[in-house]
Every structure is written in C-alpha cells, then in structure tokens.
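Undergrad: Quick one, what's the 3D model for this:
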Amino acid sequence: SRGEGLGNQFLGTVRECDAICHLVRAFEDRDITHVDGKVDPRADAEVINLELLLADAAHVERRLSRTTCVGEERLALETVAAALEQGIPARCAGLSETAKFSIKSMGLLTLKPVLYAFNVDEIDFTFGREEALTRIEKIMESIQYCDPANDAFAMVSAKLEAEISVMNKEEQVEYLASLEMDLAPGEDFEDFLSFKVLPLMAKDLLGLHLAYTGPGVPPERSRTTRAWLCRHDGLTAVGMAGRLHGDIQKGFMRAEVAQADGLLEFPTYNAAKDAGFVRAEGKDYNVKTDDVVLIKWK
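TA: From the prediction side, this is the model:
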C-alpha cells in the first residue's frame, strides 16, 4: 500500500518543519461528512502516520542507493530503514544525537516530534471534559506507527472557539456557564483554548525555553523588550550573547547572574548587587531556568 496519497509538495514542506501538529477529528456532525463515512480518530491518525512512514521509507531507500551515502549517515539510515520496515517511526529507532545530526538534512517525517490535537464538539470540551479526555487517552494508547511515550496530545474545540470569538468577555462567560464548564478559582477559560495550549505544548515538545531580553538601561532611556525561543540545554552566557547580537558576543566580558524570584525581593538591581545576591560568571556559564543575566561587553 502507498497510503492515502499525500502530495510530494506537501510532504516536502512538512520535511522543513521542526515538529508536526496533527489535527484529528473527534466529533460527530451530520452536516460534515467524513470521507470514510464514520468518525474514527484512531483510524484517521493511523492513516496519516502510515503515509508519513511510507514516505520516509521511500526517501531513505533512495538515499541508501547513492554511493555518496557513507559512514555515520549510512549506519543511521540503515537503522532507520530496519525500523520503518517494522512499522516503527524513526524517532523510536534508538538513534544517538550524533546519528540524528548525520541525517538531519533528510528531514525525515517520522523523526519529528508529534502533537495530536483532537478536535471535539463544545459539549465534550466543556460539560463532558473529563470523559472526553479519558477517551482520548485510550485512543493515544492504541494508535499505531507512533511514539506513545513521547508524542503529546491536546483537546481543542474549533466550533466552540469560532462561536465565542464573536462574543465579548461577559457573553463568553455566560455562554460557557450555560455549557456547565466549571473553572477553578484563578482559572481563565482562555487557558484551555488552542491559541494558548498548542504553542506552549509545541514549545515543550521541541525542548525550547522562553527568554526575555531588554537593553539593560533605565526605562526612561529604552523600553525595548523582546521574547526569544531557544534551546536551553548547553546554552552558555556567551552563546546567549550571540543570540542578541554578534558584537555583544565578540565583546563579551562577563555575565552578572541572579535568580528571578529572589531578585524581585529587592527594590532595585543595585540593591541586589549591594546585598551580594548578584554574582559574576564567565563566558562558559550554563544559563539556567529563571536566571536573570546582565551581559557586560565592550
């Protein structure tokens, strides 16, 4: 079998992505016909997974037939080919980081992390939320050609989000209350919607961390602040400087480091320095979560 026929141009575009988000239908609606005549989230997910697996198998086979495929690359692709033949995606083939790097240019589809977004109706998303999540968890456990240990999933409701998008805040709260969506104290219903949930899950799936950068001068001189997504593991102080600007990296002298929570206990940054809360680190310092880093450069 050659699957359901995803186009080569489409697959070529997906190969350039870092992760795959798979939107899976999990709602019944007589007005929206399913191509197979019935709604089966597990089967739909498996069809796409198999298509990606078959596309990778053909891609790997072509590369292995080339005389230029040698060394670490050939060993990695032979391992992947054996896994794909057994219906195992490349991300489950047990490749080392070195092996993955050697075949990175291949853009293997089944090597990419996957996020399944199960699209349910407004009732399952609100009133029947717990039961729907339980059903989805069971579906995830039974999907073939996936990585159940690492593939992530979320529950979304495109219909609900479309309906509330034209309402004001008060109307949204009343509508959700009519659907008996109970929120715990301090919870905001927007925290459950796809535009909040999916980006955060994708960030975690890719092992990315969010960093905020500013000019390090008084606010009356500049209020420019930016948010960056970066891989955290092994990110050094000088490496972070390079993310900001090449000149800052070249002129790096030292990094002043403090923990965010503790820093907020002081009225000013200088007060924290005077109290000995801020420490100096060199260029090889590995930046940690919740670090506040002031880079000194010349």
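Undergrad: which stretches of the protein form helices?
TA: Residue ranges of the helices in the chain, as given by DSSP state H, are 8-15, 41-64, 71-85, 97-102, 122-125, 129-142, 158-164, 169-178, 194-205, 237-244, 246-250, 260-263, 269-274.
Undergrad: Which one, of the ones you listed, ends up nearest to Asp284?
TA: Shortest separation from Asp284 across these is recorded for helix 237-244, at 7.3 Å, computed as C-beta to C-beta. In short, each C-beta sits where N, CA and C put it, glycine included.
Undergrad: any idea which of the helices of the chain is most buried?
TA: Scoring the helices of the chain by mean neighbour count under mean count of other C-beta atoms under 10 Å gives helix 122-125 as the most buried, with a mean of 21.
Undergrad: residues making contact with that helix?
TA: Contacts of helix 122-125 with the rest of the structure, by C-beta atoms under 8 Å, 6 or more residues apart in numbering, involve 26-27, 131-132, 155-157, 159-160, 163, 179, 181, 192.
Undergrad: Any chance of these in TSV with distance to Met140 and pLDDT as columns?
TA: Compiled in TSV, the contacts of helix 122-125 are given as follows (distance: C-beta to C-beta, whole Å; pLDDT from 0 to 100):
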residue	distance to Met140	pLDDT
Ala26	11	96
Phe27	17	95
Glu131	15	94
Ala132	13	94
Met155	11	96
Val156	15	96
Ser157	18	96
Lys159	22	93
Leu160	21	93
Glu163	27	92
Leu179	25	82
Met181	23	76
Phe192	19	90
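Undergrad: chain center to stretch 107-114: distance?
TA: 13 Å (C-alpha atoms, centre = their mean, to the nearest Å).
Undergrad: hang on, I meant stretch 74-94
TA: Between the centre of stretch 74-94 and the centre of its chain there are 23 Å (C-alpha atoms, centre = their mean).
Undergrad: State the distance spanning the first to the last residue of it.
TA: The first and last residues of stretch 74-94 sit 15 Å apart, counting by C-alpha to C-alpha, to the nearest Å.
Undergrad: ok, now stretch 157-170?
TA: The first-to-last residue distance of stretch 157-170 comes to 20 Å (C-alpha to C-alpha).
Undergrad: Sketch out the low-pLDDT regions of the stretch 51-200 of the chain for me.
TA: For the stretch 51-200 of the chain, residues meeting the criterion pLDDT under 70 lie at 182-183.
Undergrad: how far away is the closest residue to Ala260 other than its chain neighbours from Gly207?
TA: Sequence neighbours aside, Asp290 is the residue nearest to Ala260 in space, at 4.6 Å (criterion: C-beta to C-beta, 6 or more residues apart in numbering). As judged by C-beta to C-beta, to the nearest Å, Asp290 and Gly207 stand 17 Å apart.
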